[in-house]
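Colleague: Could you look at this predicted model? Sequence included:
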Amino acid sequence: MRLNMVDSQQALGFLIEQTTYIEAEVYRIQYPDIIYPQLVPIDTSAGEWAKSITYFSMDKVGDAEWISGMATDMRFADVNRQKYEQGVEMAGIGYRYTLEEIGQAMMIPGLNLSAERAEAARRAYEEFMDRHARTGSVAKGFTGLLNNTSVTVTQATANGTGNSPLWANKTADQMIADVQGALTNVYSGSNTVEMADTVLLPITAMELLANTRVPNTYGNALDYLAKYNLYTHTTGAPLTVRGILNLNTAGVGGVGRMVAYRRDPRVVKLHVPMPHRFLPVWQTGPITFDVPGIFRVGSVEIRRPAAFSYVDGIS
C-alpha cells in the first residue's frame with residue numbers, strides 16, 4: 001500500500017483518534033516503585049502557567065506576664081512573617097510514530113496502535129519527578145527533600161567500634177539510639193512543637209536495622225524501633241521508617257544521611273502546577289507524527305525547617 005498526501009491526512013486523523021484512547025489507558029497505569037508522592041505532599045493548586053509560587057513562613061512571638069489591675073505596660077503577642085518566592089520551571093517528554101507504523105495499523109480493521117511509547121514517556125516523567133523530589137536540580141537551583149540547606153545537620157554519634165559513627169560498627173542499641181536522637185532533635189529543636197513521623201535511611205543502613213538482632217530478644221532493631229520510639233510513644237501512631245536511594249551519599253562529604261521529618265503539607269510540599277500532560281498530535285515531517293508531553297514543577301519547599309533533622313555519617 002502506497003501512502004500519498006491524502007493518506008497522510010487520513011493517518012493524522014487516525015492517530016488523533018488513537019491517542020485519546022492511548023492517553024486514557026496510560027494515565028490509569030500505576031507505578032508501585034515510584035515513591036515520591038509517599039515522601040512529599042504534592043500540591044497542584046497553583047495555576048498551570050504560574051511563573052512562581054509565593055508563600056510565607058510565620059513565627060509567633062510574645063510572652064504573657066503578671067500584671068496589676070492598674071497596669072499600663074500590657075504585653076502583646078505578634079506574628080513574624082517572612083516571604084519566600086519559588087520559581088516554576090517546565091520540562092517535557094513525549095513520543096512519536098512514523099507514517100509507516102500508522103499505515104500498517106490502518107490496514108487492519110480494529111487494530112490499535114501500541115501504547116508502549118506513551119507508557120515509556122509517562123514512566124520517564126514519573127522517574128524524573130522521583131529524582132526531583134529527592135535531590136532537586138542543580139541546573140535550576142532547586143533542592144530536594146534530602147539536601148535542603150535550611151535544615152540543621154548533625155553528626156552521628158561516634159560510639160561504635162573504634163569510635164566510629166558508622167552503623168556497620170554499631171550495636172542494635174546504638175543504631176536505635178541514633179534514630180531516637182534524630183526524633184528528639186526535631187522535638188526539642190522546635191520547643192516540642194514538631195514531632196517527626198517519618199525516618200528515611202540509606203538502603204545499607206535499613207538492611208543493618210533489619211538484620212541486627214536486639215540482644216536477649218527474638219526481634220531485630222527495626223522491629224524494636226517500630227514499637228519503641230518517641231513518636232509512637234507520644235502519639236500512638238506508627239512511625240514510618242524506610243530505606244531509599246540517594247541517601248548513601250547525601251551527607252556532607254558523600255557520607256550516608258538519615259532524614260527525620262514530619263510529613264505534613266504545612267511543613268513540606270512539592271508544587272506541581274501542571275502534572276504531565278500530552279499535547280495534541282502534530283505532523284513534524286513528511287513521515288513523522290509527534291505527541292509532545294509537558295509538565296511544570298517547582299522545588300521542594302520545606303516551610304518549617306525545625307520539623308526536619310539531617311544526621312550524617314551513619315554509613
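Modeller: Good, I have the coordinates. Source: prediction; values computed, not measured.
Colleague: Any chance you could list what contacts stretch 281-289?
Modeller: 8, 11-12, 15-16, 19, 96-100, 102, 290-292 (Cβ atoms under 8 Å, 6 or more residues apart in numbering). All C-beta spots, glycine's among them, are computed from the backbone N, C-alpha and C.
Colleague: Same check on stretch 167-175?
Modeller: 156-157, 159-162, 164, 178, 204-205, 208-209, 212-215, 220-221, 224, 314-315.
Colleague: That stretch spans what distance, first to last residue?
Modeller: 6 Å (Cα to Cα, to the nearest Å).
Colleague: Flag every buried residue along it.
Modeller: For stretch 167-175, the neighbour count (16 or more other Cβ atoms under 10 Å) marks 167, 170-172, 174-175 as buried.
Colleague: now swap in stretch 271-285 and tell me
Modeller: 271-274, 276, 278, 281.
Colleague: Turn the buried residues of stretch 167-175 into CSV, including distance to Thr135 and secondary structure.
Modeller: Below are those laid out as CSV (distance: Cβ to Cβ, whole Å; DSSP: H, G, I helix; E, B strand; the rest coil):
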residue, distance to Thr135, secondary structure
Trp167, 22, helix
Lys170, 27, coil
Thr171, 31, coil
Ala172, 30, helix
Gln174, 28, helix
Met175, 25, helix
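Colleague: Glu25 and Ala115 touch, don't they?
Modeller: Yes. Taking contacts as Cβ atoms under 8 Å, Glu25 lies within contact range of Ala115: 5.4 Å.
Colleague: out of these two, which sits in the busier spot?
Modeller: Ala115 (19 against 13; other Cβ atoms under 10 Å).
Colleague: How about the contacts made by that one?
Modeller: Applying Cβ under 8 Å, 6+ apart, the residues contacting Ala115 are 22, 25-26.
Colleague: would you list those residues in TSV and tack on distance to Asp130 and pLDDT?
Modeller: Output for those, formatted as TSV (distance: Cβ to Cβ, whole Å; pLDDT from 0 to 100):
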residue	distance to Asp130	pLDDT
Ile22	23	81
Glu25	22	78
Val26	17	82
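Colleague: Which ones among those lie within helices?
Modeller: 22, 25-26 (DSSP state H).
Colleague: With distance to Glu85 added, can I get these in a markdown table?
Modeller: As requested, those are arranged in a markdown table below (distance: Cβ to Cβ, whole Å):
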| residue | distance to Glu85 |
| --- | --- |
| Ile22 | 38 |
| Glu25 | 39 |
| Val26 | 34 |
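Colleague: And those, which is closest to Arg262?
Modeller: Closest to Arg262 out of the ones in helices among the contacts of Ala115 is Val26 (33.9 Å), distances taken as Cβ to Cβ.
Colleague: got the contact list for the closest one?
Modeller: Going by Cβ under 8 Å, 6+ apart, the list of residues near Val26 reads 115, 118-119, 122.
Colleague: thinking again about what came up before, where helices are concerned, which of the contacts of stretch 281-289 count?
Modeller: Those of those lying in helices (DSSP H): 8, 11-12, 15-16, 19, 99-100, 102.
Colleague: Now which of those residues would you call buried?
Modeller: For the ones in helices among the contacts of stretch 281-289, buried by 16+ other Cβ under 10 Å: 8, 11-12, 15, 19, 99, 102.
Colleague: min pLDDT across these, which one?
Modeller: Lowest pLDDT within those is found at Ser8 (72).
Colleague: and which of the buried residues of stretch 271-285 is nearest to Asp264?
Modeller: Nearest member of the buried residues of stretch 271-285 to Asp264, counting by Cβ to Cβ, is His271, at 15.5 Å.
Colleague: ok, and the most crowded of the contacts of Val26?
Modeller: Neighbour-wise, the contacts of Val26 (other Cβ under 10 Å) top out at Ala118, 23 neighbours.
Colleague: Could you confirm that residue falls within a helix?
Modeller: Yes. Assessed with DSSP: H, G, I helix; E, B strand; the rest coil, Ala118 lies in a helix.
Colleague: wait, it sits on Tyr97?
Modeller: No. Using Cβ under 8 Å, Ala118 makes no contact with Tyr97, being 10.1 Å away.
Colleague: who touches both of those two?
Modeller: With Cβ under 8 Å, 6+ apart as the test, Ala118 and Tyr97 both reach Val291.
Colleague: Of the ones in helices among the contacts of Ala115, which is the nearest to Ala306?
Modeller: Nearest to Ala306 among those, with distances taken as Cβ to Cβ, is Val26, at 40.7 Å.
Colleague: taking the buried residues of stretch 271-285 as a set, which two sit the farthest apart in space?
Modeller: Most distant of the buried residues of stretch 271-285, by Cβ to Cβ, are His271 and Val281, 28.8 Å apart.
Colleague: which residues does Ser137 bridge with?
Modeller: Phe142 (DSSP bridges).
Colleague: gap between it and Pro37?
Modeller: 19 Å (Cβ to Cβ, to the nearest Å).
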